[in-house]
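Student: Everything below, folded, please.
(chains A and B)
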Protein chains: 2
Amino acid sequence: MATDFGNVRDEIVPLVTQITDDLKQGAIDAFRETFLGLHNYDQAQIYLNLTPQLRQQVIEWLTLDELANVFDHLDSDEVDVNHLLEEMSPSYAANMLNEMYVDNAVDVLDEISEPEQDIYLKQMSREDAGELRHLLDYDEDTAGALMTTEYIEVSQTSTIGQVMSLVKKAASESEQISYIYVLERKRLIGVISLRNLIIHPDDELVSEVMTSNLVTVLPTEDQEQVARLMADYNLLAMPVVDEQNEMLGIIMVDDIVDVIEAESTEDYGRLAGVNDLDLEESPMMSVIKRIPWLIILVFLGLGTASIINSYDAMVQQASVLAVFISLITGTAGNAGTQALAVSIRRITLDEKRSVIRMFFTELFIGALIGLIAGTTIFGVVWLWKSNVLLGLAVGLAMAIAIMVANLAGAFIPIIMDAMHVDPAVASGPFISTLSDLTSVIIYFNIAGVFITHFIGH
Amino acid sequence: MATDFGNVRDEIVPLVTQITDDLKQGAIDAFRETFLGLHNYDQAQIYLNLTPQLRQQVIEWLTLDELANVFDHLDSDEVDVNHLLEEMSPSYAANMLNEMYVDNAVDVLDEISEPEQDIYLKQMSREDAGELRHLLDYDEDTAGALMTTEYIEVSQTSTIGQVMSLVKKAASESEQISYIYVLERKRLIGVISLRNLIIHPDDELVSEVMTSNLVTVLPTEDQEQVARLMADYNLLAMPVVDEQNEMLGIIMVDDIVDVIEAESTEDYGRLAGVNDLDLEESPMMSVIKRIPWLIILVFLGLGTASIINSYDAMVQQASVLAVFISLITGTAGNAGTQALAVSIRRITLDEKRSVIRMFFTELFIGALIGLIAGTTIFGVVWLWKSNVLLGLAVGLAMAIAIMVANLAGAFIPIIMDAMHVDPAVASGPFISTLSDLTSVIIYFNIAGVFITHFIGH
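Tutor: Below you'll find the model as predicted:
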């Protein structure tokens, strides 16, 4: 049976067959040569796509360190890491986790339950387990949860030559060596980039070369904010410090790229009313995730239905009113969704604006969009139904419904943000269902004014 | 008058007042000491927030190179760069563009019109201008448009010691030195990371140390795909090669972070029916961008209205039918929007799936969601209106409308992708307006079967 190597780069595909054959035929040397010649990410993709039996062979044939490199490059969010760990003995798995870069080991452990975490942590030394437990304690989506405690630190009284030999020793151990951090009594006082390190003569002092104007974050900082700072300042690594400026760890740029992708997928899904959008989930999981919002909105929609119901006498007199319900609710909902997206994005990207200025801006935008859409529909309805007052009622209702939906779309996220609720929770479906309600009230009230002119239409 | 330093970090704010005062009082030394002590990004933010007059002073007081550093850290997408360049003489601006990193200079020139580009390019040497023109030719959003031609190249017969002294010389010129590329007759054959460089002894040969298994992209590659590869392989820089594997340039990770942010903002806006979401635009621009979609959808909505109109006789007989129109169209639209977001995201993140498998998956999801929502509404309507057949009609219509909307939401992006149209163009408002149309057809057809039982309700 051919395995489905869906996520493996095209260039690697021929090697995959060779590696599988080597594994099956017990050709350890050939396997090691091909496999270890690959980039760790490709190794990880191939590892994932092997049968459990062949993975067993890989575990035997790789050293602990080589296997840890593979696991360092798994996307632990998207892979059933628990299952993969269970293919090894608990002590072997614990040793391998120990060999991994600390931040990646934490990512793996974060995906499994606490009792399962304990299985592995208990096999580790008290110190190693303590470090991992400490990092696991940070809230998900914060700087603390992203950071690693592996970085190079020096004192400001060292010479560049001394630092260089330290870096050479540390280079094979540390995940990143782009920056060397200067600490004094645990406090972060400066940074030297590797680039600056190599261009300065050996006898210069760290204190002369280091930059002391630092961009740092607290461990509680939201990961999106960290991402934004690293992007703005073009940093390859961001130091995490506590309130006393004591160095806690660093966050690396490659983890930040993953964060931005994950956050944008999350925000994207939420805008459409899908919490926790996960492309790998089972159909059943998709249903479970999509149904709650939908059912809540059904009940909100019933509110709209009951309002229409209360105007039943009007509809009985002029059934033409029913014709334009969905047009008005739909268009107002669309305008509200547009305003919502802009507003959420503005808050997410931390573009602070005066609320009063925004109110008048959105009022203006809503009024103008309402005027244009309302006038269009006034003309169309007038021509279609040869009834200028019906056109006027529908057009006016649409204009006002759009203005209201636009303001709601713009301000609901702002109000949520002020109440410390993530504004991205407000979705397009929510705003359009909510605006259905306001739109039908506006529509029937305006229609009521002109009702005597529609009867029989 | 205090200037509004909205985008400047809180830590920098006290320095801003000092810098402004120094500029006003002609205190050149004090200004240079404070300003040059700041991170380039902070310098750029402060520069942007000064009055044109004070910027003139900054231009005079900084060297060309120092000013180029400031411009290297402007976000040229979001800033009126043309205006900033016009504050200098054309020859000074040209010299400054020449001092900038090539990729950033291209980003700046990309934002201004061709005649304006020519003003500056004509002031440069033929060679410099040619390089910039060449890079400006690449399509926006491709690898070619993102890359810089400034990278360090060595031959495989060099020793590590030779490379190291080359790197030391290049370090102050090149934007990135994390990787050194090994070329043979212009073709890329290997790479050495700076980290590997410093841990290997001086007398080793490049050919012994370099990695020859490389991840590269063509200049025509889409920037999102580049971003994904760099994230997967944890690369700090990505080499761009032509089809003969000749090295053209490199793309740096910090530019990729910006790309991901920009692409996610774009996709996000589109989902809500806002093309080219721009947080800095004027209210008038917002209206101009939002109105076309809205008007197109109004006409699609008129299609729905005319369908309802064609069932006018039914509504006249049973006005209760009007009550549930918005509930059914709304809920189906919501389900369609959910399916749409998942489908677009799947295509964007290049999660390839069998279309047939997806069809049955989405059919199952739609059927189950439809069943749950339909049953709920059946119960509610039955109890509310004490009419089991009305409940059945509304519930059944909702279930089928949801199934159809769900399939449409899932497959419209797939069809668009197959037709080489960016699936992200399909928006939530579009899918919900489209599903309004199918939903009312389904609703009235089902209601028609039971119509005799609703009359008078």
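
Student: can you list contacts of the helix or strand that contains A:T34?
Tutor: With secondary structure defined by DSSP states H and E, A:T34 is part of helix A:28-36. Contacting residues not belonging to helix A:28-36 are listed as A:15, A:18-19, A:22-23, A:43, A:46, A:58, A:61-62, A:66 [C-beta atoms under 8 Å, 6 or more residues apart in numbering or on different chains]. For the C-beta atoms, the positions are set from N, CA and C on the backbone; glycine is no exception.

Student: Also within reach of chain B: list those from the residues you listed.
Tutor: Contacts with chain B are made by none of those, judged by C-beta under 8 Å from any C-beta of the partner chain.

Student: Quick one: name the residues of the stretch 51-200 of chain A near chain B.
Tutor: Within the stretch 51-200 of chain A, the positions near chain B by C-beta under 8 Å from any C-beta are A:73, A:164, A:167-168, A:171-172, A:177-178, A:194-196, A:198-199.

Student: what about 7 Å?
Tutor: Selection of the stretch 51-200 of chain A residues close to chain B by C-beta under 7 Å from any C-beta of the partner chain yields A:167-168, A:171-172, A:177-178, A:194-195, A:198-199.

Student: can you tell me which of the residues you listed are in strands?
Tutor: For those, not one is inside strands, with DSSP state E as the criterion.

Student: What is the most widely separated pair among these?
Tutor: Distance extremes for these: the farthest pair is A:S172 and A:I199 at 22.7 Å, using C-beta to C-beta.

Student: Neighbour count for the two, which is higher?
Tutor: More neighbours surround A:I199 than the other of A:S172 and A:I199, with 17 against 10 (other C-beta atoms under 10 Å in any protein chain shown).

Student: wouldn't that one be in contact with B:V167 here?
Tutor: No. Contact criterion C-beta atoms under 7 Å: A:I199 and B:V167 do not qualify, at 8.6 Å.

Student: before we move on, back to that, and the contacts of helix A:28-36, which are buried?
Tutor: Among the contacts of helix A:28-36, those buried by neighbour count (16 or more other C-beta atoms under 10 Å in any protein chain shown) are A:15, A:19, A:22-23, A:43, A:46, A:58, A:61-62, A:66.

Student: now the helices: where do they sit in the stretch 301-450 of chain A?
Tutor: Applying DSSP state H, counting those that start in this stretch to the stretch 301-450 of chain A gives helices spanning A:312-317, A:320-323, A:325-348, A:355-385, A:388-418, A:428-450.

Student: I would like the residues contacting the least confident helix or strand in chain A by mean pLDDT, please.
Tutor: Ranked by mean pLDDT, DSSP states H and E, the weakest helix or strand in chain A is helix A:253-271, scoring a mean of 80. Contact partners of helix A:253-271, identified using C-beta atoms under 7 Å, 6 or more residues apart in numbering or on different chains, comprise A:103, A:146, A:223-224, A:226-227, A:230, A:235-237, A:275-277, A:341, A:348, A:424-425, A:427-428, B:230-231, B:234, B:253, B:256-257, B:260-261, B:264, B:267-268, B:271-272, B:341, B:345.

Student: among these, which ones are buried?
Tutor: Neighbour-count burial (16+ other C-beta under 10 Å) applied to these gives A:103, A:146, A:223-224, A:226-227, A:230, A:235-237, A:277, A:341, A:348, A:424, A:427-428, B:230-231, B:234, B:253, B:256-257, B:260-261, B:264, B:267-268, B:271-272, B:341, B:345.

Student: Please tell me the pLDDT value assigned to the residue of the stretch 301-450 of chain A found nearest chain B.
Tutor: At 3.2 Å from chain B, A:A341 is the closest residue in the stretch 301-450 of chain A, using C-beta to the nearest C-beta. pLDDT for A:A341: 85.

Student: Repeat that for A:L279.
Tutor: Taking A:L279 on its own, its pLDDT is 64.

Student: And A:V259, how close does it get to A:A105?
Tutor: Here A:V259 is placed at a distance of 18 Å from A:A105 (C-beta to C-beta, to the nearest Å).

Student: Pick out whichever of these two has more residues nearby.
Tutor: Between A:V259 and A:A105, counted using other C-beta under 10 Å, the more crowded position is A:A105 (26 against 20).

Student: contact partners of the helix or strand where the more buried one lies?
Tutor: Using DSSP H and E, A:A105 falls within helix A:102-110. Residues outside helix A:102-110 that contact it (C-beta under 7 Å, 6+ apart): A:71-72, A:76, A:81, A:97, A:117, A:131-132, A:135-136, A:146-150, A:255.

Student: In helices, which of these appear?
Tutor: Counting by DSSP state H, the contacts of helix A:102-110 place A:71-72, A:81, A:97, A:117, A:131-132, A:135-136, A:146, A:255 in helices.

Student: Select from the residues you listed the one having the most neighbours.
Tutor: A:L146 (29 neighbours).

Student: In this structure it contacts A:D222, no?
Tutor: No. Using C-beta under 7 Å, A:L146 is not in contact with A:D222, being 10.5 Å away.

Student: Sketch out the low-pLDDT regions of the stretch 1-150 of chain A for me.
Tutor: Judged by pLDDT under 70, the stretch 1-150 of chain A has its weakly predicted residues at A:1-8.

Student: Just the closest residue of it to chain B, please.
Tutor: Closest residue of the stretch 1-150 of chain A to chain B, C-beta to the nearest C-beta: A:Y41 (4.9 Å).

Student: Wait, a helix at that residue?
Tutor: Yes. Using DSSP: H, G, I helix; E, B strand; the rest coil, the secondary structure at A:Y41 is a helix.

Student: Number of residues surrounding it?
Tutor: A count of nearby residues for A:Y41, using other C-beta under 10 Å, gives 23.

Student: Export stretch A:439-457 to PDB, keeping only CA atoms.
Tutor: The C-alpha coordinates for stretch A:439-457 follow below in PDB (Å, rounded to 0.1, in the frame of the first residue of the first chain):
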ATOM      1  CA  SER A 439     -34.200  46.300  10.300                       C
ATOM      2  CA  VAL A 440     -37.700  44.800  10.500                       C
ATOM      3  CA  ILE A 441     -38.700  47.200  13.300                       C
ATOM      4  CA  ILE A 442     -37.500  50.100  11.200                       C
ATOM      5  CA  TYR A 443     -39.200  48.700   8.000                       C
ATOM      6  CA  PHE A 444     -42.600  48.100   9.500                       C
ATOM      7  CA  ASN A 445     -42.700  51.400  11.400                       C
ATOM      8  CA  ILE A 446     -41.900  53.400   8.200                       C
ATOM      9  CA  ALA A 447     -44.300  51.200   6.200                       C
ATOM     10  CA  GLY A 448     -47.000  51.900   8.800                       C
ATOM     11  CA  VAL A 449     -46.900  55.600   8.000                       C
ATOM     12  CA  PHE A 450     -47.700  54.900   4.400                       C
ATOM     13  CA  ILE A 451     -49.800  51.800   4.800                       C
ATOM     14  CA  THR A 452     -53.000  53.100   3.400                       C
ATOM     15  CA  HIS A 453     -51.300  53.600   0.000                       C
ATOM     16  CA  PHE A 454     -50.100  50.000  -0.300                       C
ATOM     17  CA  ILE A 455     -53.300  48.100   0.400                       C
ATOM     18  CA  GLY A 456     -54.000  45.700  -2.300                       C
ATOM     19  CA  HIS A 457     -50.500  45.900  -3.800                       C
END
